[in-house]
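A.B. asks: The following block contains a protein sequence and its predicted model.
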Amino acid sequence: MINLATSTGAPGTLIDRLAADFDRCNMERGLPTVELLCRIPEGCAAFGEHALTVPLLVKTILRVSDRAMEYAAGALLALCTAEERCIDEAAAAGLVTQLLLLVQSDCTERTKRKAQMLLKLLGDSWPDETVVNSDEFGRSEVGLF
């Protein structure tokens, strides 16, 4: 059944539909299917090929609902684990910032675990600006009054 869904183009259709109608109800209905299909290689490959998949999932984090956030994090975890290109794409879409905020939020422990695993995967993709050199920080040009 799942292989039939991926072979008939369901992943592309689902992402197009979610991107066109970005509302809570549709996201909560569609994202469990996205996460489920991302758990199999064929589904993961099909979603990974669609240009809107990663940006849409990143956009969902902290913007829709706790349920949608958990499914989006799970789908992103599957995609980023399977394809390194998705890691770079997710980092470019601002996922690191979203995840850092997510782990500090009131979300479920399961969602926090997914976010922490994603942060580990994204570790090499963090922008250089996130690292503060303590020597440079101490030599600020700002003087005291």
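C.D. replies: All right, it came through fine.

A.B. asks: since we're on G74, how many residues are nearby?
C.D. replies: 23 (other C-beta atoms under 10 Å). Any C-beta I mention is one placed from the backbone N, CA and C, and that applies to glycine too.

A.B. asks: again, but for R39
C.D. replies: For R39, the neighbour count with other C-beta under 10 Å is 14.

A.B. asks: Do I have it right that it meets A78?
C.D. replies: Yes. The criterion here is C-beta atoms under 8 Å, and R39 meets it with A78 at 5.8 Å.

A.B. asks: Look up phi and psi at T97.
C.D. replies: phi -60, psi -40 (degrees, to the nearest 10).

A.B. asks: quick one: it and Q104, what's the gap?
C.D. replies: Distance of T97 to Q104, computed by C-beta to C-beta, to the nearest Å: 11 Å.

A.B. asks: With S65 instead?
C.D. replies: 18 Å.

A.B. asks: Helices along the protein, start to end?
C.D. replies: All helices of the chain, identified by DSSP state H, fall at 2-7, 10-20, 24-38, 41-49, 53-60, 66-82, 84-92, 95-103, 109-121, 134-138.
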